[in-house]
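Enquirer: Structure for this input, please:
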Amino acid sequence: MSLSKITRFPSARLLSSIHQRQLLLPPVSPLTVPTRAVIQGEYRRPGKPKEDKFPWQKINFNFSKGLGGIKKHFMLLKTEFSDRWVGPEGKPVLEHMLEQNRVMWEFRGPESLEEWTVSSDHEIGGQSEAHLKLGKNNTCFLHGSLSSTPPRDGETRYSGYCTMRSKQPLFSFDRKKHHDWSSFNTLHLRVRGDGRPWMINIATETYFSHQRDDIYSYFLYTRGGPYWQDVKIPFSKFFLTHRGRIQDDQHHLWLDKVNTVGFTLGDKADGPFQLEIDFIGVCKDYAHTEEFAYEVYKRNPEV
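Expert: I've put the predicted structure just below:
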């Protein structure tokens, strides 16, 4: 068998026709993969104007303000050391052990309102309004108007809430400070409302970052009218929620790592509202022996 019969090369006429067809076809550009931007900006809601300033342009570089901040933090550090020398939270050990009532927030002046922040759905384009001021009797007076009309941004479906929340307490140099309520079992409030139901929220320290929206909540029913009402809610009644949704797996309230306390109104009843608070405290109720009011999943059950 000859070599010419085994290997057959294409003819010159066939090669020329293939070359002409390749010239007639449009050029195909290579596939481009979208690259991720190096600097990712924060989420901006529809209709919100875009900020053209860089993040460092919002910082106020003031030398005198910096010196004042350093002096303030060193004074807080001095107070922190002196309080720990006396006892827990600056009290003698015996007094701390026998303490049965403690007032956490008492509104007796404009400076007491600086420990609280007020927000509503107006921040996301809603029509609700909430305001905080000092009442006639030196009390905290929260008032405003609730509107359940959602903003016209094509994204938000539900709206209508107003909230008031205490600020996170801080140690020197902006270190987190937690409220230790492990010696108490009941939340004590003296309020005067307009008959609307409110939600009391307690936020505690969490282990993981995805639990930062976990909040323990319970209901506050106001009677309305001119009379004050003393409300006592055991901590065992607070249930775990995540972004407003009740969780199936419930846990006890972590009383030695309490961060903030808040009040939320969202009863879908449009119109004005008001809530007056005299004081917020904690107490030890020896008649209450319940540990937790809800079913807890038993881990590693006995067989």
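Enquirer: C-alpha from now on. contacts and neighbour counts both.
Expert: OK.
Enquirer: Show me where the chain has its helices.
Expert: Using DSSP state H, the helices of the chain run over 3-6, 12-24, 63-86, 93-98.
Enquirer: Which of those comes out lowest on mean pLDDT?
Expert: Mean pLDDT values for the helices of the chain show the minimum at helix 3-6, a mean of 46.
Enquirer: pLDDT-wise, which helix or strand of this protein ranks last?
Expert: Least confident element among the helices and strands of the chain, by mean pLDDT, DSSP states H and E: helix 3-6 (a mean of 46).
Enquirer: which residues does Leu220 contact?
Expert: Contact analysis of Leu220 by Cα atoms under 8 Å, 6 or more residues apart in numbering lists 197-200.
Enquirer: Please apply the same query to Leu132.
Expert: Leu132 neighbours (Cα under 8 Å, 6+ apart): 113, 118, 140-143.
Enquirer: Mind checking which of those are in strands?
Expert: 118, 140-143 (DSSP state E).
Enquirer: Just the buried ones among the residues you listed, please.
Expert: Among those, those classed as buried by 16 or more other Cα atoms under 10 Å are 118, 140-143.
Enquirer: What is the nearest of these to Thr241?
Expert: For those, the residue nearest Thr241 by Cα to Cα is Val118; the value is 20.6 Å.
Enquirer: Give me the pLDDT value at the closest one.
Expert: Val118 is given a pLDDT of 95.
Enquirer: who's in contact with the closest residue to it other than its chain neighbours?
Expert: Nearest non-adjacent residue to Val118, counting by Cα to Cα, 6 or more residues apart in numbering: Met164, 4.5 Å away. By Cα under 8 Å, 6+ apart, the contact list for Met164 reads 116-119, 262-264.
Enquirer: want to try JSON lines for those, with distance to Lys177 as columns?
Expert: Output for those, formatted as JSON lines (distance: Cα to Cα, whole Å):
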{"residue": "Trp116", "distance to Lys177": "16"}
{"residue": "Thr117", "distance to Lys177": "17"}
{"residue": "Val118", "distance to Lys177": "21"}
{"residue": "Ser119", "distance to Lys177": "23"}
{"residue": "Gly262", "distance to Lys177": "17"}
{"residue": "Phe263", "distance to Lys177": "21"}
{"residue": "Thr264", "distance to Lys177": "23"}
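Enquirer: Which among those residues count as buried?
Expert: Buried among the contacts of Met164 by 16+ other Cα under 10 Å: 118-119, 262-264.
Enquirer: Can I get those in CSV including distance to Arg190?
Expert: Compiled in CSV, the buried ones among the contacts of Met164 are given as follows (distance: Cα to Cα, whole Å):
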residue, distance to Arg190
Val118, 20
Ser119, 22
Gly262, 15
Phe263, 14
Thr264, 17
